[in-house]
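Participant: Sequence first, then the predicted structure, then my questions.
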Amino acid sequence: MTGPAAWRQAARAHPLVVDGVLAAALYTASLLAPVLPGDPPQRVPLTATVAVLAALACGALVFQRRWPIPVLAVTTGIACVSMIVSDAQGVFLGAPVIAAYTVAVRTDRRTAWTAGAAAALVYGVTSLATAGSAWSGIGTQNLIVWIGMAVAAGDAVRSRRAYVGLLEERARRAEQSREEEAARRVVEERLRIARELHDVAAHHIAVISVQAGVAGHTLRTDPDVAEESLTLVRQASRSVLEELSALLGVLRRDDDPRAPVQPTRGLDGLEELAGSFAAAGLEVAWTLSGHPRPLPSAVDLAAYRIVQESLTNVHKHSGSSPARVGVEYAPDRLVVRIHDAGGGMAARKDTAVGGHGILGMRERAIAVGGWFEAGPEPDGGFTVRAELPLPPASVKVSGEGEDG
């Protein structure tokens, strides 16, 4: 980082160095140009007393950030002493002005104006008592006006910094609130999937319990019935394990260890799924492109659930509007696209932005390493698109089949 921004950052990191350089520069300038007002102006002789007082006044500025009000008092007191012991008032004008500015920046408005007024009053009274000059004198006016300007400038800077800080804090809180809301919705979607897991597991375990009981009662009296019951137990056990693996794969976080996902449903049930929605009054047209082939079970389940949830949303939000489902078997990925021409952007905005169905589909696509998007179309329709990657093994098998 270079330029003014780098200098500002360095100044914030080393405030004592900055104040020390400022004090040294002011001390040098004070000693080089001590001039008395008048016509013509008269140069004041540089004496040891003037040099010592100037060093004390400028040296106090090094600590102005830590003790702003005491530093203002010290610099104002030294300026008053200078009027008593010498005529070099101009030498000490800069230190009280800078100290007054720092008080306005570091404290509140009431404190800044009270301290500035007190410093100006003390200086003015001392000027009247020692030099016999009036309040309208040039030296008295200079310090009073400059202190007033310094306090006003410092107060403006402090107000601006407070306003910018407030805006930054509001932006930070708004961003944090958005992240918390997104995390809350993801948690709610995971809980919904967990409830689905509970229902599926409870159903299959109930079947296992019943069929195991039947097998136990008929094992000796009717072995054929017992064998059939045990077959059903085996099938139900396999089904519940596959459902558990699939749903837990969706619930798994990024830092959790990978586990095999074995779904129970896939795109081979797409025709049956479209038929069920057609029976409910939704016109569904679906097409397959590419070279259909066996899919990894996790990808197969994710694609099926995305199509199922999308058609549910179409039926819910678009009524009888026809839906088009496209499934493309690409060499390295499976592309699923669901589009409907009805509903309109306004009716679908809540679903596109924050609906649980959209979150669930995105979770399923991400769980298998895929990509997902959903949103309104310019023509007023709505499109859901997911790309689910296929492993290298599937690509090889597909390629061999195509070459043959």
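Facilitator: Now that the structure is in, tell me what you want to look at. Numbers count the residues shown, from 1 in each chain.

Participant: Hmm, G370 is touching P389, no?
Facilitator: Yes. At 6.0 Å, G370 and P389 qualify as touching, with contact defined as Cβ atoms under 8 Å. In short, each C-beta sits where N, CA and C put it, glycine included.

Participant: any shared contact partners between those two?
Facilitator: With Cβ atoms under 8 Å, 6 or more residues apart in numbering applied, the overlap between the contact sets of G370 and P389 consists of V299, R333.

Participant: buried set for the strand or helix carrying T28?
Facilitator: Element membership of T28 [criterion: DSSP states H and E] is helix 15-32. When burial is assessed from 16 or more other Cβ atoms under 10 Å, helix 15-32 yields the following buried residues: V18, D19, L22, A23, L26, Y27, S30, L31.

Participant: What's the separation between A100 and Q235?
Facilitator: 88 Å (Cβ to Cβ, to the nearest Å).

Participant: the more surrounded of these two?
Facilitator: Under the criterion of other Cβ atoms under 10 Å, the comparison of A100 against Q235 puts A100 first, with 33 against 14.

Participant: Name the helix or strand for the more buried one, please.
Facilitator: Secondary structure here is read from DSSP H and E; on that basis A100 sits in helix 94-106.

Participant: same check, this time on L388
Facilitator: With elements taken from DSSP H and E, the one containing L388 is strand 382-389.

Participant: Tell me how far that strand lies from the chain's centre.
Facilitator: The chain centroid and the centroid of strand 382-389 are separated by 26 Å, computed with Cα atoms, centre = their mean, to the nearest Å.

Participant: Kindly format the C-alpha coordinates of it as CSV.
Facilitator: The C-alpha coordinates for strand 382-389 follow below in CSV (Å, rounded to 0.1, in the frame of the first residue of the first chain):
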residue,chain,number,x,y,z
PHE,A,382,-39.0,-19.7,-13.4
THR,A,383,-36.1,-22.0,-14.0
VAL,A,384,-34.2,-24.4,-11.7
ARG,A,385,-30.9,-25.7,-13.0
ALA,A,386,-28.4,-28.0,-11.3
GLU,A,387,-25.2,-29.5,-12.5
LEU,A,388,-24.0,-32.6,-10.7
PRO,A,389,-20.5,-33.9,-11.3
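
Participant: in it, what's buried?
Facilitator: Using 16+ other Cβ under 10 Å as the test for burial, strand 382-389 gives F382, V384, R385, A386, E387, L388, P389.

Participant: Could you find the lowest-pLDDT member of these?
Facilitator: Ranked by pLDDT, those bottom out at F382 (85).

Participant: Specify the beta-bridge partners of that residue.
Facilitator: When bridges are assigned using DSSP bridges, the partners listed for F382 are D340, P376.

Participant: surely it meets G375?
Facilitator: Yes. F382 lies in contact with G375 (Cβ under 8 Å); the separation is 7.3 Å.

Participant: Could you single out the nearest of the buried residues of helix 15-32 to T111?
Facilitator: D19 (20.3 Å; Cβ to Cβ).

Participant: Next, the contact list for that closest one, please.
Facilitator: Taking Cβ under 8 Å, 6+ apart as the definition of contact, the neighbours of D19 are L61, V62, F63, Q64, R65.

Participant: for A374, same thing?
Facilitator: Neighbouring residues of A374 by Cβ under 8 Å, 6+ apart: A352, I358, M361, R362, F382, T383, V384, R385.
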